[in-house]
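Trainee: Provided below are the primary sequence and the corresponding predicted coordinates.
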Amino acid sequence: MPVTLQLVQVILQALSAFAIAGGLLYTAIQFRAARRAQAVTNFAKLVELQYELRKLRVQDPSLARVHKNDIEHLRSDEEVQAYFLNLMQLSLFEIAWFAHRQGQLPVGYWNSWEKRMRQLSREESFRQMLDSPAMKIMHDDFDTYLRETMHIAPGPRL
């Protein structure tokens, strides 16, 4: 067999092998992106369920009395509503934070969220909610990020 024909065969086999390897690499990258998207979806659903529970307390502040520790520092229905409304806003920001952290939210959109949260964090009712000793279910890294970025003192350790 001529050397030229053997060289062409080897080159074609090498190209085939590289194409297969490239396809496998591309599939792995796509699979990783799909897993991240699913993680964001799962996280968002959990936080959405918290949001709905908080929304019930905004709509009917008497429901907040079910967990007395959540409201022992609140004196009126309006304070209960303001507290849980701020927690609802925090829930939405937590979803945006997690999506951004997972590379699922564009930087420009994230920056607009962060800018608005900086404004909200200066509101007295927001700071009172965050400073409250009541339990707030949120990602520990999010709590740290929030307090450092918004220059808010660390919350009580549970």
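Mentor: In hand now; what should we look at?

Trainee: Leaving out the residues flanking it, which one is nearest to the residue most central in space within the chain?
Mentor: Nearest to the geometric centre of the chain sits residue 98, at 2.3 Å (CA atoms, centre = their mean). With CB to CB, 6 or more residues apart in numbering as the measure, residue 43 is the residue that lies nearest to residue 98, at 5.0 Å, once sequence neighbours are left out. Any C-beta I mention is one placed from the backbone N, CA and C, and that applies to glycine too.

Trainee: Please apply the same query to residue 141.
Mentor: residue 101 (8.0 Å).

Trainee: ok, longest helix in this protein?
Mentor: If you go by DSSP state H, the chain has its longest helix at helix 3-59.

Trainee: moving C-terminal of that helix, what's the next helix or strand?
Mentor: Counting by DSSP states H and E, the element after helix 3-59 in chain order, helix or strand, is helix 68-71.

Trainee: For that following helix, buried residues please.
Mentor: By neighbour count with 16 or more other CB atoms under 10 Å, helix 68-71 contains the buried residues 70-71.

Trainee: Now do that helix: everything it contacts.
Mentor: 64-65, 80, 83, 134-135 (CB atoms under 8 Å, 6 or more residues apart in numbering).

Trainee: Mind exporting the C-alpha coordinates of that helix to PDB?
Mentor: C-alpha atoms of helix 68-71 as PDB (Å, rounded to 0.1, in the frame of the first residue of the first chain):
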ATOM      1  CA  LYS A  68     -44.900  32.300  68.200                       C
ATOM      2  CA  ASN A  69     -41.100  32.700  67.900                       C
ATOM      3  CA  ASP A  70     -41.500  34.300  64.500                       C
ATOM      4  CA  ILE A  71     -43.600  37.200  65.900                       C
END
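
Trainee: next helix or strand past that helix?
Mentor: helix 77-101.
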